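[1] following is a predicted model, sequence given first.
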Amino acid sequence: MGGRSILVTGGNRGIGLAVARAFAAAGDRTAITYRTGDPADLRAEGLLPVQCDITDPEQVERAYKEVEENHGPVEVLIANAGVTRDQLMLRMSEEDFTSVIDTNLTGAFRVVKRATFGMLRAKKGRVVLISSVVGLLGSAGQANYAASKAGLVGFARSLARELGSRNLTFNVVAPGYVDTDMTRALNEEQRSRILEQVPLGRYAHPEEIAAAAVFLASEEASYITGAVIPVDGGIGMGH
């Protein structure tokens, strides 16, 4: 089998799908997780769809076994799966908060921990966590989401120190506002208000986020670990 074994969580749409397509185009054996739907059509693109809810440890274990049986141990993990439950804090329920943390932060812990078993045996591995500029800047109505995405930075940097001597790297990509289904659902006033904050004056393309993830998994980035790479059009400068 050619290429490396890549796993992209939440890889059936948006940023995750762009990342998965970029790795597959480079000749890597690329698997994606999805929670709902039937992404069978992505098999035609050379992707391996694996159903997995990352809030369920048993599903995470089954997903890894399926990937390993088809592609071998995961060599590069892109932890991208995430959810939002936006609400002003005084109206935010405890479930709104904990469910976002469990998916975005604890879910990342689950998939990263499982990936490191094979990486430690191989004495090499790359982990890229997809965070958000919101985790660095904060955002009204997104205290749960921002907390989860900020937590990924401390998580990655702790593991970079803990496992760096074993030739494993842990880095973070922090996208800004990206042209996806989520942002396209906003009305024109909302979209214009967002663009006023972005020095480059436009939304990111998902492929631009994918390019940063592919670079951090490349040989050229072998001496980069514990880094946070902003791909945000300048909105998060200084953070």
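    Perfect, I can see it now.
[2] S148 and N187, how far apart?
    Distance from S148 to N187, counting by Cβ to Cβ, to the nearest Å: 26 Å. Using the backbone N, CA and C atoms, a C-beta is placed for each residue, glycine as well.
[3] between these two, who's got more neighbours?
    Taking neighbours as other Cβ atoms under 10 Å, S148 and N187 compare with S148 leading, 27 against 8.
[4] host element of the more buried one?
    Assigned by DSSP states H and E, S148 belongs to helix 143-163.
[5] ok, and what's touching the helix or strand bottoming out on mean pLDDT in the chain?
    One helix or strand of the chain scores below all others by mean pLDDT, DSSP states H and E: helix 181-184, with a mean of 75. Contacts to helix 181-184, defined as Cβ atoms under 8 Å, 6 or more residues apart in numbering, come from residues 13-14, 84, 177, 191, 194, 203.
[6] using PDB, write out every CA atom in it.
    Written as PDB, here are the backbone C-alpha positions of helix 181-184 (Å, rounded to 0.1, in the frame of the first residue of the first chain):
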ATOM      1  CA  ASP A 181     -22.400  25.500   4.900                       C
ATOM      2  CA  MET A 182     -22.500  27.000   8.400                       C
ATOM      3  CA  THR A 183     -21.400  30.400   7.300                       C
ATOM      4  CA  ARG A 184     -23.500  30.300   4.100                       C
END
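[7] show the subsequent helix or strand relative to it.
    Following helix 181-184 in sequence order, the next helix or strand is helix 188-195 (DSSP H and E).
[8] what helices or strands is the helix or strand following that following helix leaning on?
    Sequence order places helix 206-216 as the next helix or strand after helix 188-195, per DSSP H and E. Packed against helix 206-216 by the contact rule (3 or more Cβ pairs under 8 Å, 6 or more residues apart in numbering; DSSP states H and E) you find helix 14-25, strand 125-130, strand 168-175, strand 228-231.
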